[in-house]
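> Here's a sequence, model it:
(4 chains, ligands or ions: 4)
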Number of protein chains: 2
Amino acid sequence: MKKIDILKKLRSSGLRPTKQRVEIAKFLFEREKTFHFTVESLNKLLTKKSTSKISLATIYNSVHSFKAAGHLSEVEVRGNRTYFDTNVSNHHHFYDSETAELIDIDANDIIIQKIPKAPNGKKIKNVEVFINLKN
Amino acid sequence: MKKIDILKKLRSSGLRPTKQRVEIAKFLFEREKTFHFTVESLNKLLTKKSTSKISLATIYNSVHSFKAAGHLSEVEVRGNRTYFDTNVSNHHHFYDSETAELIDIDANDIIIQKIPKAPNGKKIKNVEVFINLKN
DNA sequence: TTTTCACTTTAGAATAATTATAAACTAGAA
DNA sequence: TTCTAGTTTATAATTATTCTAAAGTGAAAA
Ligand SMILES: [Mn+2]
Ligand SMILES: [Mn+2]
Ligand SMILES: [Zn+2]
Ligand SMILES: [Zn+2]
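Ligands and ions are numbered 1, 2, ... in the order given. Got it, this is the predicted structure:
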């Protein structure tokens, strides 16, 4: 994804492409593979990589804006911190608690044969499979 | 589960059956169905139910002790608070975000037909299925 | 091009959940 | 009954996150 596309991505979702948002968006979206991160880890990586300092509040703001725009999803991981995911399609995860690392599993790589029906009056919104790993 | 069994349960896991632990354990374990809770919700319910006040720190301590002893499990739910579960067997959950309520799914009620193999050097510890509900 | 202003960034304060501290208390062994 | 390691408790500390409000800026309009 090139810079022009980043600008399009931001503008098309109503996000003014500020210096900070463009820098964060380039870091997050100009990559081949899925990127899983916490705000803390993103902050560290951006600080290391870039010369211009982006405040932590802006990183929180930007990540939340990107999520609201559908450019990021949130993954539920054990622990106190929120994980985000550049893969916004329906998919599943391996989780390696040794390294606190998430690994994507394509939705098609898991087939559920039997599933209970939703309780009275409710419907199934989505199914998340989380596979914990050990050594 | 009767009081005598609560005492056994605590003692057999090396937990001295103090007044507070017995009261919390009775509240948690003397019931037919699984109970899902946060420390905050447990604190509210105990305050309502009982005459003797148990400090919040003790509720945290007790819940952690019970978890360490294998009498409670932790469930990962979206949001900032930790959920605990009196069902310590391998099982799955429905989650109703409207009511913030977890509903147990027996491990046998979900059959996974196809699953990817674990990454190099890793093994699968366990598989958790989380089914989000909508109306 | 300059003006204008709603949107954005930012430092720092506030909040919320949880954990740590350390003094007082107590279950139960001796 | 005495003794003490384990426990409870009030309160402080910590951590992640959100809020606040002042200063800055992108981009539409003049
Ligand atoms: Mn979490
Ligand atoms: Mn959680
Ligand atoms: Zn992912
Ligand atoms: Zn459960």
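
> CA atoms for contacts and neighbours, from now on please.
OK.

> For A:E23, pull up the helix or strand it's in.
Here A:E23 sits within helix A:19-29, counting by DSSP states H and E.

> Tell me if the helix or strand just after that helix is near ligand 1.
Remark: after helix A:19-29, the chain's next helix or strand is strand A:36-38, criterion DSSP H and E. No. Interface with ligand 1: strand A:36-38 contributes nothing (CA under 5 Å from the ion), its closest point being 10.5 Å away.

> does strand A:36-38 come close to chain B?
No. Contact of strand A:36-38 with chain B (CA under 8 Å from any CA of the partner chain) is absent, the minimum separation being 13.8 Å.

> And the helix holding A:E23, what's buried?
A:Q20, A:R21, A:V22, A:E23, A:I24, A:A25, A:K26, A:F27, A:L28, A:F29 (16 or more other CA atoms under 10 Å in any protein chain shown).

> For it, give the mean pLDDT please.
Average pLDDT, helix A:19-29: 97.

> Any chance you could list what contacts that helix?
Helix A:19-29 is touched from outside by A:M1, A:K3, A:I6, A:L7, A:F35, A:L46, A:I54, A:T58, A:I59, A:S62, A:T86, with contacts defined as CA atoms under 8 Å, 6 or more residues apart in numbering or on different chains.

> just those residues that are near DNA strand C?
The subset of those within reach of DNA strand C, by CA under 7 Å from any atom of the strand, is A:I54, A:T58, A:S62.

> Now do the SS call for the second one.
Yep, that's A:T58 we're talking about. Three-state assignment for A:T58 (DSSP: H, G, I helix; E, B strand; the rest coil): helix.

> Could you chop chain A up by domain?
When chain A is parsed with automatic domain parsing, its domains come out as A:3-68, A:78-133.

> so does the shortest one get close to ligand 2?
No. Using CA under 5 Å from the ion as the criterion, no contacts between domain A:78-133 and ligand 2 are found, and the smallest distance is 6.3 Å.

> ok, that domain near DNA strand D or not?
Yes. For domain A:78-133 and DNA strand D, the contact criterion (CA under 7 Å from any atom of the strand) is met by A:N80, A:R81, A:T82, A:Y83.

> Distance-wise, check the nearest residue in space to the third one that is not next to it in sequence relative to ligand 2.
Think A:T82. Ranked by CA to CA, 6 or more residues apart in numbering or on different chains and with sequence neighbours excluded, the top spatial neighbour of A:T82 is A:T38, at 5.9 Å. For A:T38, the distance to ligand 2 (CA to the ion, to the nearest Å) stands at 13 Å.
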